[in-house]
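>>> Fold the following, please.
(one chain, ligands or ions: 1)
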Amino acid sequence: MKKILNYINGKLVEPATQKWLNNVNPATGKDYSLIPDSDASDVEEAYKAAANAFPSWSTTPYAERSQILTKLADLIGANLESLALAESIDNGKPVSLASHVDIPRAESNIRFFASAINHFHSEAHIMEDRGINYTNRKPIGVVGCISPWNLPLYLFTWKIAPALASGNTVVAKPSEVTPMTAYLLSELCIEAGLPAGVLNIVHGLGPSAGDAIISHPKIKAISFTGGTKTGAYIASKAAPMFKKLSLELGGKNPAIIFADCDFDEMLKTTVRSSFANQGQICLCGSRIFVERSIYTKFKEAFVAKVARMKAGNPLDPSTKFGAVVGKDHMNKVLEYIQLAKEEGGTVLTGGNRIFPEDEACAEGYFIAPTVIEGLDYMCRTNQEEIFGPVVTLTPFDTEEEVLKMANSVEYGLAATVWTSHLNRAHKMAQQLESGIVWINCWLVRDLRTPFGGVKSSGVGREGGFEALRFFTEPQNVCIQLTS
Ligand code: NDP
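A predicted model of the protein is given here:
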């Protein structure tokens with residue numbers, strides 16, 4: 001069986017532990033590769049390599065760092081098809097999604113930060129005739145990047161690109177559930193000429209390899225994307241060591257639909273914002289609030305469209321809806337559907353495990369896209385993150401009422417508002433407790449904008465110069481002017 005290897009000090013190596021984990025293809029339910037079950041000793045080797053590489057990489061002219069990263073972006077683009085195929089097999093997502101979204105975005109992430117570092121600047125504060133302050137933004141040192149399974153290469157590169165561009169060296173751990181494309185990226189890093197030790201990728205479980213990164217006394221910053229519980233644990237471990245932390249966590253996003261919206265555009269996009277990547281995108285809208293006057297019209301049109309969505313073998317280019325990421329995750333989502341019924345919800349479509357017509361997928365982990373109505377907005381189904389192909393429908397009468405329901409959750413990552421009323425759109429955006437608000441659209445991304453959530457959805461912002469600021473330490477230099 002194919003072995004995924006760690007990438008340490010510029011080389012692809014087996015774990016010191018010589019222990020391996022099975023990597024499952026969620027569409028077939030079958031093991032198909034082995035992953036290093038790394039522990040603290042592998043992380044220590046990765047740290048040493050990163051620490052050795054730091055003096056040289058941090059003083060490499062930014063234009064040169066930019067060139068190497070641009071080469072890496074070019075190589076991702078040149079290998080788009082094989083990377084998309086690997087992502088689809090590893091994650092269960094349709095290969096069409098991986099080749100149109102995940103891999104192009106991974107390429108853009110690297111290319112964007114390779115370019116952004118050429119434009120990054122710091123501030124000066126002039127004290128009339130007394131002195132000049134300037135801010136010296138220095139790379140931090142060795143930093144840790146930990147990413148989740150839902151958008152594997154996309155979110156992995158979203159972290160490592162700004163970290164590397166700003167002159168840090170990195171110890172990174174992708175999710176053990178979907179490690180393949182990070183491994184393939186390490187091969188491309190070697191081809192791109194990234195100096196040894198600048199990026200180190202350690203594969204393994206969160207509680208062993210991940211924990212060793214966050215607990216390492218000399219890894220000075222952690223950029224983490226994943227669940228809120230894991231984020232809270234990381235904060236509790238890292239804060240007493242005064243590590244810099246960027247935490248991108250869970251969501252329970254509202255989609256708010258007013259009667260005056262462009263109905264057809266809204267309907268098409270709401271199907272996507274509910275079920276893209278089988279609902280496993282932190283930005284998916286899982287609570288759909290619909291103004292009462294169009295509730296029945298929306299419900300009928302939406303359910304009809306969703307019921308027509310066919311799950312298929314993710315490797316078939318025509319498949320739009322694939323497998324969820326694994327057996328445990330599938331069972332968790334199915335338990336939430338059961339809970340919704342116990343809480344009084346009515347399943348309008350879906351609600352169960354399904355098997356596509358392809359024999360290869362006979363033991364795969366597929367759940368029908370599920371729409372539920374009739375739940376109280378405060379019930380567990382409407383308050384807890386499910387992170388699967390499940391949405392709830394709730395009618396509302398007034399702006400005040402829908403704001404109260406939308407803001408009632410502990411999360412605050414992304415919200416979507418559908419209305420043609422300009423003032424209302426601004427007013428809603430102002431009052432929504434959410435790091436991102438999309439008006440009449442969803443997942444329209446400009447990589448320069450601040451990305452992140454409020455409340456239990458996270459701390460800090462990624463994207464654009466925000467990410468470069470996170471990965472640098474500002475030092476104020478004050479020069480007194482003498483007459
Ligand atoms: P997890 O929190 O389970 O895991 C995220 C990463 O952290 C994985 O690499 C995991 O490793 C690792 N990890 C787990 N435990 C520890 C630990 N004790 N110390 C260090 N690292 C650890 O999240 P999921 O992978 O399940 O991802 C889904 C979650 O991510 C959802 O809540 C979703 O909302 C959120 N998310 C947020 C986004 C945002 O931008 N705000 C974007 C995308 C997803 P391992 O896989 O081995 O457990």
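>>> Let me know how buried Ala114 is, in neighbour terms.
Residues near Ala114, counting by other C-beta atoms under 10 Å, number 23. Where C-beta positions appear, they are placed from N, C-alpha and C, glycine not excepted.
>>> Could you do the one 10 residues further on as well?
The burial metric for Ala124, expressed as a neighbour count using other C-beta under 10 Å, is 10.
>>> mind listing what it touches?
By C-beta atoms under 8 Å, 6 or more residues apart in numbering, the contact set of Ala124 is Ile132, Asn133, Tyr134, Thr135.
>>> could those residues go into CSV alongside distance to Trp57, pLDDT and neighbour count?
Formatted as CSV, those follow (distance: C-beta to C-beta, whole Å; pLDDT from 0 to 100; neighbours: other C-beta atoms under 10 Å):
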residue, distance to Trp57, pLDDT, neighbour count
Ile132, 30, 96, 13
Asn133, 28, 97, 13
Tyr134, 23, 97, 14
Thr135, 22, 97, 15
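>>> The ligand: which of those residues is nearest?
Nearest to the ligand among the contacts of Ala124 is Thr135, at 27.7 Å by C-beta to the nearest ligand atom.
>>> Pretty sure that closest one sits against Ser122.
Yes. The pair Thr135 / Ser122 is scored as a contact, 4.2 Å apart, by C-beta atoms under 8 Å.
>>> For Val303, give me its contacts.
Leu348, Thr349, Val371 are the contacts of Val303 under C-beta under 8 Å, 6+ apart.
>>> Verify the stated contact: the second one with Ala307.
Spelled out, that is Thr349. Yes. When contacts are counted by C-beta under 8 Å, Thr349 is listed as touching Ala307 (4.5 Å).
>>> Which of those two has more residues huddled nearby?
Higher neighbour count among Thr349 and Ala307: Thr349, with 17 against 14, using other C-beta under 10 Å.
>>> What's the separation between that one and the ligand?
As for Thr349, its distance to the ligand is 24 Å (criterion: C-beta to the nearest ligand atom, to the nearest Å).
>>> Name the residues linked to that residue by a beta bridge.
Val371 (DSSP bridges).
>>> doesn't Arg287 fall inside a strand?
Yes. Per DSSP: H, G, I helix; E, B strand; the rest coil, Arg287 lies within a strand segment.
>>> Contacts only, for the nearest residue to it once chain neighbours are set aside.
In this structure, Arg287 finds its nearest non-sequential neighbour in Pro254, 4.9 Å apart by C-beta to C-beta, 6 or more residues apart in numbering. Residues near Pro254 by C-beta under 8 Å, 6+ apart: Gly285, Arg287, Ile288, Phe289, Val402, Met405, Ala406, Ala415, Thr416, Leu432, Ser434.
>>> Can you tell me the SS state at Asn118?
Quick answer, by three-state DSSP: Asn118 is helix.
>>> from memory it sits against Glu64, does it?
No. Under the criterion of C-beta under 8 Å, Asn118 is not in contact with Glu64, lying 11.1 Å apart.
>>> Going by proximity to the ligand, name the top residue of the stretch 251-400 of the chain.
For the stretch 251-400 of the chain, C-beta to the nearest ligand atom, closest residue to the ligand: Cys282, 3.2 Å.
>>> Am I right that that residue is in a helix?
No. Cys282 is assigned coil when assessed by three-state DSSP, not a helix.
>>> What confidence value was assigned to it?
We have a pLDDT of 97 for Cys282.
>>> neighbours of it, just the number please.
The burial count for Cys282: 24, using other C-beta under 10 Å.
>>> if I pick Phe120, what's in contact with it?
Phe120 neighbours (C-beta under 8 Å, 6+ apart): Tyr62, Arg137, Ser166, Phe465, Leu468.
>>> In those residues, find the pair that's most separated.
Largest separation among the contacts of Phe120 by C-beta to C-beta: Tyr62 and Phe465, giving 13.8 Å.
>>> Check the secondary structure at the residue minimising distance to the centre of the chain for me.
Closest residue to the average C-alpha location of the chain: Leu155 at 4.7 Å, with C-alpha atoms, centre = their mean. Per three-state DSSP, the secondary structure class of Leu155 is helix.
>>> what's the pLDDT at Ser483?
71.
>>> quick one: it and Ile110, what's the gap?
Per C-beta to C-beta, to the nearest Å, Ser483 is found 50 Å from Ile110.
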